[in-house]
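1. Can you look at this prediction? I've put the sequence above it.
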Amino acid sequence: MIPRLRRRPPAACPRPRLLLALLLAAAWLEEAPAARAARPPPAGKPPAAAAPAQPKRPPTELSNSFIITSLQDLLPIDIRGTKQTPCEYAVARARGLGQKRFSLVVTAYWGGGSGGVSHYSFKDVNVAYPDGVKFPEASASTVKTWQQGIQRCFKAAADAGFTGLQILNHIDSEDGLVWRNVLPVDPLAKVNGWSYDDVVVAPAAAAIKAVLKPQTKLWFMVNGEMGNSLWHHPASYLALIGKYRAAFSPGRRPGSTRVGMALHWNKVCGNCFYIPHVNSQQLYNTTYHELFVQQKEQLLKAFDAPAVKRALEAADVLGISHYAPAPMTGVTPGMFAMPIDTAAYELSHWGIDFRALINAPSRDFLFSEIGLGGADPANQRAAGSLEELAGNPLYGIWAVYNTAQDPWRNSNYKSYRRMWFKALVDFLQAGGGPRYKVDAAFIWSVGTWDVAAIHPISTSAEGTYADWEIVKWMRWLSNKVPSR
């Protein structure tokens, strides 16, 4: 399955910006009576049917995340009667569910769209703006403000007592029309005096380093879904990994900090060559192979595959965004290995053994993102059919909870969601085994993907996107996971 437009807030998927501004301004609604009555129940074991055999690997938690997309995510406001930032609210929600790990997704922006980077920026959402949003460009002042904000956010997570934190760094296009995975940007190249490293990675590293507890494991991803950038500039990523490994080393136990990269599960190299959209995963693999073979000589001349391999080998941790299609019936735990197989199949064409890389004892492997969104391709309403929902888990609705846009009010979709998550819990209970080890997995916790109502907008006076039965299974799994 080839992604079209990525699911993200308005700067990353086309929808009215003013609507987002109004939603964010009004999002922090007081807790609804229905939500109070449906507080997360205690941990409960998933249904015994199709339970996995005794796992050979330690269980892996199904954890949550907070996606930082704007300055407003980092500013204190009144959320259900408490003055706190949206980030702090999400941290408390996840920790309150007994979760041991948490992901913080750091999102800055680039201007220039498909024409390349003309500048870097941050998103400022305010109903006072004509379009509800502005993108102040990177400067000493804006970068400082950004770093201070994410440091407060990171401190909340560090102080909460999670045993593991992922920092997932990436950028989105200001116009919301270009997927970062196709951007061939050099992360070290200066544009108007600022590089991707200067604006995104360095502030995040300084912020987490200032607050991280000695006992907390850190997975620090220098990029997420930026395959074309990696293929064009592998030496720069090799340098970034070395730079931040060295930066985090002083005072840290060996192995407690892992520095690496997160890839998309397919189109790993972005659009390094054209691959048409196909719905069948088998057809996708066949198409990839045929097109690669047809132009193999040109591709291996255009890109330095051995250098890409060296950059991946240098990583202490590798991750994938897991939004692979699933069958409409008979979802099994083994299905969640399919996107790993797909990434490995693609990379094998470039002389890279992805399976060996992620199964190495010295390297961690994560589902840096995973989720089931339940929406149509426009990310505006519920999927038009179960086939559309199952085949496109990345489609979801980033909106304050409202019954009109809630796909999970459909009883068939709700049942499918439970079947999907039951299989995922079983897969993670076995640690991803027997073929793969998965060291952590992080739900994309906002809007219709937010099965545990982690984000403030995922609950309103009208209800919640959460499914408390699935939350019971998540709590049960968390109780099985070793503390370290």
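-> Ah, there it is. Numbers count the residues shown, from 1 in each chain.
2. What sits closest to Tyr274 if chain neighbours are left out?
-> Leaving aside its sequence neighbours, Tyr274 sits nearest to Leu291 (CB to CB, 6 or more residues apart in numbering; 7.3 Å). No exception for glycine: its C-beta is placed from N, CA and C like everyone else's.
3. didn't the one you found look like it was pressed against Cys272?
-> No - checked against CB atoms under 8 Å, the pair Leu291 and Cys272 is beyond contact range at 11.1 Å.
4. Those two - which one has more neighbours?
-> Cys272 (20 against 15; other CB atoms under 10 Å).
5. Now do the same contact list for the residue lying closest to the more buried one once chain neighbours are set aside.
-> Spatial nearest neighbour of Cys272, excluding adjacent residues (CB to CB, 6+ apart): Trp231 at 4.9 Å. Going by CB atoms under 8 Å, 6 or more residues apart in numbering, Trp231 touches 184, 269-270, 272, 303, 308.
6. Mind telling me what element the residue nearest to Tyr274 is part of?
-> Taking DSSP states H and E as the criterion, Leu291 maps to helix 281-294.
7. what about the helix or strand just after that helix, average pLDDT?
-> Moving toward the C-terminus from helix 281-294, the next helix or strand (DSSP H and E) is helix 296-302. Helix 296-302 comes out with an average pLDDT of 97.
8. The closest residue in space to Pro276 that isn't next to it in sequence: how many residues sit nearby?
-> Sequence neighbours aside, Thr287 is the residue nearest to Pro276 in space, at 6.8 Å (criterion: CB to CB, 6+ apart). Other residues near Thr287 come to 16 when the count uses other CB under 10 Å.
9. which residues does Thr287 contact?
-> 275-276, 278.
10. right, and out of the contacts of Trp231, which lies closest to Lys243?
-> Among the contacts of Trp231, Val308 lies closest to Lys243 (CB to CB), at 18.2 Å.
11. still on that earlier bit, check which helix or strand the residue nearest to Cys272 maps to.
-> Counting by DSSP H and E, Trp231 is part of helix 227-232.
12. now the strands for the stretch 351-484 of the chain?
-> 364-370, 440-443, 459-460, 463-464 (DSSP state E, counting those that start in this stretch).
13. Mean neighbour count added to the ones you listed, as CSV?
-> Listed next are these as CSV, based on neighbours: other CB atoms under 10 Å:
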stretch, mean neighbour count
strand 364-370, 27
strand 440-443, 25
strand 459-460, 25
strand 463-464, 20
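14. can you put these in CSV and add mean pLDDT?
-> Converted to CSV, the strands of the stretch 351-484 of the chain look like this (pLDDT from 0 to 100):
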stretch, mean pLDDT
strand 364-370, 98
strand 440-443, 98
strand 459-460, 98
strand 463-464, 98
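15. mind checking which of the ones you listed is nearest Thr60?
-> Proximity to Thr60, assessed across the strands of the stretch 351-484 of the chain by CB to CB, is greatest for strand 440-443 (6.0 Å).
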